[in-house]
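Participant: sharing a sequence plus its predicted fold:
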Amino acid sequence: MSEQANVIGINFGTSYSSISYMSKDGRTDCIANEDGDRQIASVLAFSGEEESVGSQAQAQIPRNPNSTVAHFRAQLGKSFGGADELTGAACPIVDKDGKVGYNVALGDEKTQTFTAKEITAKYLRHLRESAEAFLGNPITGAIVSVPSYFTDEQRDELKEAAADAGVKVIQMIHESAAAALAYGIGHNSSTKDPQDKTVVVCDMGAHSFDVTVLNVRTGVYSILATAHDTKLGGASFDENLLNHFAAEFKKKNKIDITGNKKALAKLRSACEVTKKSLSSANSAPCFVESLADGLDFHTNINRLRFEMLSKVVFNDSLKVIEEVLKKSDLDASEVDEVIMVGGSARIPKLASKFREAFTNENTKIRSELEPDEVVATGCAIQGSLIAEFDQETIESCVHPVVTLTPHTTKHIGTLNANGEFITIVPRYTSLPTRRIFEFGNAQQGQTQAYFALYEGDHEIVTEEIAAPPR
Amino acid sequence: MSLTLDFLLPPPPSTWAADATTANHASISATSERLLEPVGPHFLAYARRKRHNRTFSEDER
Ligand SMILES: Nc1ncnc2c1ncn2[C@@H]1O[C@H](COP(=O)(O)OP(=O)(O)OP(=O)(O)O)[C@@H](O)[C@H]1O
Ligand SMILES: [Mg+2]
């Protein structure tokens, strides 16, 4: 009996990770871990010899910050000198042989230094075990997504960490491409119905806003441009709420918590909960027991207030979108679809803010799939497509000899009987390409047809001018 | 965009030789090299053609 391929998709995020798989009937679903988390916090907490991840580990951040590691994905493949500490981090980063490390307190005054790669390996091992417990089988491999800005060093370290965790990475794919795959963009295209599209993937996670322009030609994607802001994301909203509530607490109790690490950590995690509630409710409470000096903090905030506090975040996100459109030499009106990705895409105001950039009513802003699951889902879909491939075939498919191709730089089309330009092959189409289409005769009994192809920089827009009054 | 072009082709210009089949007046502009994202069924079909050096029609057989 041949071993059944058990391939999963892993979206390893800076703050949350998700695992997806495709069932035998071709449906994809996210896997919940033993604690019921579908979004598994990318946090690893140590308690003596024991390790925990996800919500359990996240709860340890205020209590045992020095034995709890968060945001380690961001430090993969970086030198200590090139690393930035992210807001809300727990165990501080230290220099480990020039790489990023963490001095983890293991209890009884014992500490041990782990590199970001070692922490990642431990974390991924937990993900693998959760997936195997859920599927009841060992997994044979994984498709793992990475952001577009990941360097080769980061990809390599991630791959090594995965191998150490017993996860064989069969392919690494871009998060944006995975999201487009989950949405089935271009899936039903054919040479007769190419469904050519320009898609903008807007991925707002916790610590970054990553925007990618994808060109879709007969179902094949290429990236036209990317832009990102690694200081913009869900954590920015949390930080604004935190400052707002800290001021409120100070006003009520005359206690300043801005220098109190533990209080800040407690309030920050409460703010995240409040923020999430505000995505579905019009107002939400924020409650922290014994925030400082034994005093509880209890308050409410409404969505409008939250949106006002976050104004800068919304505006900054538009700047990233403008930047990517400029880089790709596109006008916003040429975009067919905008895909909302990342946990922060659940904030209702974000999509409505993006409408200010994409005013063309033909531009669809899509958010019907769970934004924090689409990337893992796309990975699982890709996994199902290549599960039976041998490694050699996969390697040759992803090799630049295959992926690097000449693309047209202008629209190619024909003129119809009215002299209008009809695009047949839009610009940025990979060659060779084939398009099949039908056309009719201009005259009855016509024995010859004249078909001329033209090339143009932009599609010709024709406008009907009303006849002058007689 | 469906490519059933429901329009009529214009008659050939008067300078067109009736027995001509094709004429090249210009070649397409210089292309630019770009990377395809190696994901999805359509990419895999493309990669298969490329690796086996097949044309679209050969691939369908
Ligand atoms: N319902 C919700 N409303 C608002 N924000 C939410 C909601 N659910 C999750 N988030 C936020 O989404 C962020 C996590 O998103 P995601 O899982 O996409 O991030 P990530 O991929 O781990 O991070 P990054 O992309 O920055 O590396 C967190 O800041 C979280 O608070
Ligand atoms: Mg992300």
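Facilitator: Alright, I've got the coordinates. Numbers count the residues shown, from 1 in each chain, chains lettered A, B, ... in the order given. Ligands and ions are numbered 1, 2, ... in the order given.
Participant: burial measure for whatever residue of chain B ends up closest to chain A, as a count.
Facilitator: Nearest residue of chain B to chain A: residue B:42, at 3.0 Å (Cβ to the nearest Cβ). C-beta: built from backbone N, CA, C; applies to glycine. The number of residues packed near residue B:42 is 22, by other Cβ atoms under 10 Å in any protein chain shown.
Participant: need the pLDDT of it.
Facilitator: Note on residue B:42: pLDDT of 96.
Participant: give me the phi and psi for the spatially closest residue to residue A:177 that is not a sequence neighbour.
Facilitator: Counting by Cβ to Cβ, 6 or more residues apart in numbering or on different chains, residue B:37 is the residue found nearest to residue A:177 once chain neighbours are left out, at 4.2 Å. Main-chain torsions, residue B:37, degrees, to the nearest 10: phi -80, psi 120.
Participant: correct me, but residue B:37 touches residue A:226?
Facilitator: No. Judged on Cβ atoms under 8 Å, residue B:37 makes no contact with residue A:226 at a distance of 11.9 Å.
Participant: show me what from chain A comes close to ligand 2.
Facilitator: A:13, A:205 (Cβ under 5 Å from the ion).
Participant: endpoints of stretch B:27-34, how far apart?
Facilitator: 20 Å (Cα to Cα, to the nearest Å).
Participant: then stretch A:54-71?
Facilitator: Separation of the first and last residues of stretch A:54-71 by Cα to Cα is 12 Å.
Participant: does any part of that stretch sit near ligand 1?
Facilitator: No. Judged by Cβ under 6 Å from any ligand atom, stretch A:54-71 and ligand 1 are separated, with a smallest distance of 8.7 Å.
Participant: now swap in stretch A:80-94 and tell me
Facilitator: No. If you take Cβ under 6 Å from any ligand atom as the test, stretch A:80-94 misses ligand 1, and the best it gets is 9.0 Å.
Participant: what average pLDDT does that stretch get?
Facilitator: Mean pLDDT, stretch A:80-94: 88.
Participant: mind listing residues that contact that stretch?
Facilitator: For stretch A:80-94, contacts defined as Cβ atoms under 8 Å, 6 or more residues apart in numbering or on different chains pick out A:14, A:43, A:60-61, A:65-71, A:74-75, A:95-96, A:98-105, A:113, A:207, A:235, A:238-239, A:265, A:268.
Participant: gap between the two ends of that stretch?
Facilitator: 7 Å.
Participant: which of the residues in that stretch are buried?
Facilitator: For stretch A:80-94, burial by neighbour count (16 or more other Cβ atoms under 10 Å in any protein chain shown) applies to A:80, A:83, A:86, A:88, A:89, A:90, A:91, A:93.
Participant: equivalent analysis for stretch A:410-425, please.
Facilitator: Residues of stretch A:410-425 classed as buried: A:410, A:411, A:412, A:413, A:414, A:415, A:416, A:421, A:422, A:423, A:424, A:425 (neighbour count, 16+ other Cβ under 10 Å).
Participant: and the furthest pair within these?
Facilitator: The most widely separated members of the buried residues of stretch A:410-425, counting by Cβ to Cβ, are A:410 and A:416 (18.7 Å).
Participant: where does residue A:171 sit: helix, strand or coil?
Facilitator: Taking DSSP: H, G, I helix; E, B strand; the rest coil as the rule, one finds residue A:171 in the strand state.
Participant: quick one: neighbours of it, just the number.
Facilitator: Residue A:171: 23 neighbours (other Cβ under 10 Å).
Participant: so the closest residue to it other than its chain neighbours, which state does it fall into?
Facilitator: Nearest non-adjacent residue to residue A:171, counting by Cβ to Cβ, 6+ apart: residue A:143, 5.1 Å away. Per three-state DSSP, the local secondary structure of residue A:143 is strand.
Participant: what helices or strands is the longest helix seen in chain B leaning on?
Facilitator: In chain B, with assignment by DSSP state H, the single longest helix is helix B:41-51. Judged by 3 or more Cβ pairs under 8 Å, 6 or more residues apart in numbering or on different chains; DSSP states H and E, helix B:41-51 is in contact with strand A:220-229, helix A:374-386, helix A:391-398, helix A:400-403, helix B:56-60.
Participant: most tightly surrounded among these?
Facilitator: helix A:374-386 (a mean of 27; mean count of other Cβ atoms under 10 Å in any protein chain shown).
Participant: how about that one and ligand 1, touching?
Facilitator: No. Helix A:374-386 does not reach ligand 1 (Cβ under 6 Å from any ligand atom); its nearest approach is 7.6 Å.
Participant: if you average pLDDT over that helix, what comes out?
Facilitator: Mean pLDDT, helix A:374-386: 97.
Participant: neighbouring contacts of that helix?
Facilitator: Helix A:374-386 is contacted from outside by A:7-11, A:18-22, A:26, A:28, A:30, A:141-145, A:170-171, A:173, A:175, A:177-183, A:203, A:339, A:341, A:369, A:394, A:397, B:39-41, B:44, using Cβ under 8 Å, 6+ apart.
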